[in-house]
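J.: Starting from these lines, generate the structure:
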Amino acid sequence: SGPQDALARRHLAGQVEDPELRAKLTPDYRIGCKRVLLSNDYYPALTRPNVELETSGIAAVREHSIVTADGREYEVDAIVYGTGFKVVDAMSEWHIVGRDGVKIQEAWADGIEAHHGTTIPGFPNFFVMLGPNTGLGHNSVVFMIEIQIQHVLSLLRLMQRRGAETVEPRPEAMRRFNDRMHRRLQRLVWNEGGCNSWYLDEQGVNRTLWPGFTFEFWAGSRKAKPEEYVLG
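T.: Numbers count the residues shown, from 1 in each chain. The predicted structure follows:
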């Protein structure tokens, strides 16, 4: 744990007096491992006399109630699912076929990845906005999209100058980019914070987030390097 964890615990202690409720609200992972909720009224809402926090898992959903894992039944009017996102799964369900009939699922058999989160070897003229590892745990993804648009435009200008009809990244260039990025991710709280989140795939590999500052992505991705691409 670090100073951020201590600050979060102090904030919780300041808003929740009941030690039993406070224990239920204290995660067993580091702050930042999952998306941080910025709120001054979330904890107070849970301390109201008409609110009960139940942390046992749900074993069954019935017509007018839910049954928890400890066998208790609660009448409910509505159920809200706050289970995160299926980013990795959504990409794996794309219906896209590349060169020689290779499906995107076959190219991503070992995990989803792209060069600068935008292009994929074997899939000429295919550009992905907000592709693998271009999401953020901070800042604005709109900025990331704008950088990717600059990247794609630089590739289109390169094709125009060379009189080419197709462009795709070299596999070795994508490998270098992703290996370097995942070495950084391995040291960060999203990977090492001790939680399971929608940032990670089934193998525990972070396929969604960019590990650095947005200006780093801007500096390295706004303009494509011709030597990293195959023109046809």
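J.: Pull out the CA atoms of the top helix by length along the chain and give them to me as PDB.
T.: Looking across the chain with DSSP state H, the single longest helix is helix 141-162. Extracted as PDB, the C-alpha positions of helix 141-162 are listed here (Å, rounded to 0.1, in the frame of the first residue of the first chain):
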ATOM      1  CA  VAL A 141      -9.800   9.200 -24.500                       C
ATOM      2  CA  VAL A 142     -10.900  11.900 -27.000                       C
ATOM      3  CA  PHE A 143      -7.300  13.100 -27.000                       C
ATOM      4  CA  MET A 144      -6.200   9.500 -27.700                       C
ATOM      5  CA  ILE A 145      -8.700   9.200 -30.600                       C
ATOM      6  CA  GLU A 146      -7.400  12.500 -32.100                       C
ATOM      7  CA  ILE A 147      -3.800  11.200 -32.000                       C
ATOM      8  CA  GLN A 148      -4.900   8.000 -33.700                       C
ATOM      9  CA  ILE A 149      -6.600  10.100 -36.400                       C
ATOM     10  CA  GLN A 150      -3.300  11.900 -36.900                       C
ATOM     11  CA  HIS A 151      -1.600   8.500 -37.100                       C
ATOM     12  CA  VAL A 152      -4.000   7.200 -39.800                       C
ATOM     13  CA  LEU A 153      -3.700  10.400 -41.800                       C
ATOM     14  CA  SER A 154       0.100  10.100 -41.800                       C
ATOM     15  CA  LEU A 155      -0.300   6.600 -43.200                       C
ATOM     16  CA  LEU A 156      -2.700   7.700 -45.900                       C
ATOM     17  CA  ARG A 157      -0.300  10.500 -46.900                       C
ATOM     18  CA  LEU A 158       2.500   7.900 -47.000                       C
ATOM     19  CA  MET A 159       0.400   5.700 -49.300                       C
ATOM     20  CA  GLN A 160      -0.300   8.700 -51.500                       C
ATOM     21  CA  ARG A 161       3.400   9.600 -51.800                       C
ATOM     22  CA  ARG A 162       4.400   6.000 -52.600                       C
END
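J.: Now the helix or strand of the chain with the lowest mean pLDDT: buried residues?
T.: Taking mean pLDDT, DSSP states H and E as the measure, the helix or strand of the chain with the lowest value is helix 87-92, at a mean of 76. By neighbour count with 16 or more other Cβ atoms under 10 Å, helix 87-92 contains the buried residues 87-88, 91-92. (C-beta placed from N, C-alpha, C; glycine too.)
J.: That'll do, ta.
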